[in-house]
Each structure stands twice: as C-alpha cells, then as structure tokens.
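In: Quick one, what's the 3D model for this:
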Amino acid sequence: MNTTRPTYIVGVGGSAGALNAYKALLQSLTVDTGMAFVIISHMSPDAHSQLALILSRSSTMPTMVATSGIPLRANHVYVIPPNADLEVEQLTLKVISPRSRRNAQIDLFFASLAAAMGEFAIGIVLSGYDGDGTLGVRYIKEKGGTTFAQDSSAEADSMPISARASNYVDFVLSPEKIAEALIEIGARFVRPA
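Out: As a prediction, this is how the structure comes out:
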C-alpha cells in the first residue's frame, strides 16, 4: 500500500444523514487512488465519536482520527475529532480545539485545503442540513480545484443543494459515482517511480 505523499487531498464534508454516504463512498473507492481523504463531519462537541472506527469497517484504507502534526499520506482516511476545527498546513493536519463555531468546520477545512493544495484540492459536500461547505467549494474552485455535491440520494439535502446553488460545484453525483470519478482522476495522475 502506498504511504507516500498524496497526489490530491480530498475533503469530504457532511452532517445529518451523511453516515451512509461516507460508507458508500469509501466502499466504492479502490485502495490505490494516491489520494488522502479527510472526513469533516458535524458532531456534538461533547460526543464520544466512534466515526473513525465505524468508517474503518467500510474502507480498505487505514482510517484514523486526525491529530495535530500527523502527515497526510496517500491512500489513508482521516476523521475530524469532536469539538475541533481541522486545517491542512504543508501536507500536515492541524487540529484546533475547541471549534471556532458551530457547523462551520467544512468551510474552514476547505479554505485551508484550497490554500495548501490549489488545483490538487478536491471538495465533496454530502448529506446535511444548513449550508456548511458552500463557501468552501467556492474557495476550492477559485484555486483551481475540483468540487462535488451529492445528488438526490442525500438523506438531508440542504447542504448539497446550497453548494450546487453557488455555481461552484463541478459534479453532482451519488457517493458511488463520486468514488468512480475520483478513481478516474487518480488514474490520470502519473506518479513518479
């Protein structure tokens, strides 16, 4: 399994109803995309989250809770901890706790992802209420990255609809189809030997 620098970093944001979407996305991915995946999920600040453990059962990639200073590796999945914001700094994760405000973690992460990765940033907005992720897809598009929103398969469609209405979303697909598109994007990237 490739544990080197990722070609792309994929931010995956979701809230209410996103668990099934996360699972469907991860189950449909191959283990060798060359990408690092960061799950940004809204959760109660005092939650004892088992999300990383639950998602590890749906993924063939190593899946862990994000910690400050951990380098992002290709073909790995990182999950935001409760009551935290998460940023990318030079292919390293930075956990900021407590979180700055309620239900803004996706926008904050996507902004740092866009700044760190430019055209190699990918943002995905899945099921959830409200509009977190909408500003974030704009940041990613403005830096040349690629954006996705979940289609009508979203259990709670407010977040993906808000993202789509911004006109900064490239593709509107089901989680399984998003995975197929990511595999295609990864296959086009020629990795040095």
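In: CA only for contacts and neighbour counts going forward, please
Out: Noted.
In: and stretch 118-136, how far from the chain's centre?
Out: Put simply, stretch 118-136 sits 8 Å off its chain's centre (CA atoms, centre = their mean, to the nearest Å).
In: hang on, isn't residue 127 packed against residue 12?
Out: No. Counting by CA atoms under 8 Å, residue 12 is not a contact partner of residue 127; they are 10.5 Å apart.
In: higher neighbour count, these two?
Out: Set residue 127 next to residue 12 and count neighbours by other CA atoms under 10 Å: residue 127 wins out with 28 against 25.
In: Residue 89 versus the more buried one, what's the distance?
Out: 27 Å (CA to CA, to the nearest Å).
In: Repeat that for residue 138.
Out: 19 Å.
In: Pick out whichever of the two has more residues nearby.
Out: residue 138 (23 against 16).
In: and that one, what does it touch?
Out: By CA atoms under 8 Å, 6 or more residues apart in numbering, residue 138 lies in contact with 166, 168.
In: One more pass at 7 Å, please.
Out: residue 168 (CA atoms under 7 Å, 6 or more residues apart in numbering).
In: ditto for residue 183
Out: 29, 33.
In: State the mean pLDDT of the helix or strand it falls within.
Out: Assigned by DSSP states H and E, residue 183 belongs to helix 175-188. Per-residue pLDDT over helix 175-188 has a mean of 95.
In: Make residue 1 into 378 and carry on from there
Out: Yes, from this point I'll number from 378; that puts the last item at helix 552-565.
In: Tabulate the CA atom coordinates of it in PDB.
Out: Taking C-alpha atoms only, helix 552-565 is exported to PDB below (Å, rounded to 0.1, in the frame of the first residue of the first chain):
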ATOM      1  CA  PRO A 552     -21.400   8.800  -3.400                       C
ATOM      2  CA  GLU A 553     -20.700   5.700  -5.500                       C
ATOM      3  CA  LYS A 554     -20.400   7.700  -8.700                       C
ATOM      4  CA  ILE A 555     -18.200  10.300  -6.900                       C
ATOM      5  CA  ALA A 556     -15.900   7.400  -6.000                       C
ATOM      6  CA  GLU A 557     -15.700   6.300  -9.700                       C
ATOM      7  CA  ALA A 558     -14.900   9.900 -10.700                       C
ATOM      8  CA  LEU A 559     -12.100  10.100  -8.000                       C
ATOM      9  CA  ILE A 560     -10.600   6.800  -9.200                       C
ATOM     10  CA  GLU A 561     -10.600   8.200 -12.800                       C
ATOM     11  CA  ILE A 562      -8.900  11.500 -11.600                       C
ATOM     12  CA  GLY A 563      -6.300   9.500  -9.700                       C
ATOM     13  CA  ALA A 564      -5.600   7.200 -12.600                       C
ATOM     14  CA  ARG A 565      -4.800  10.300 -14.800                       C
END
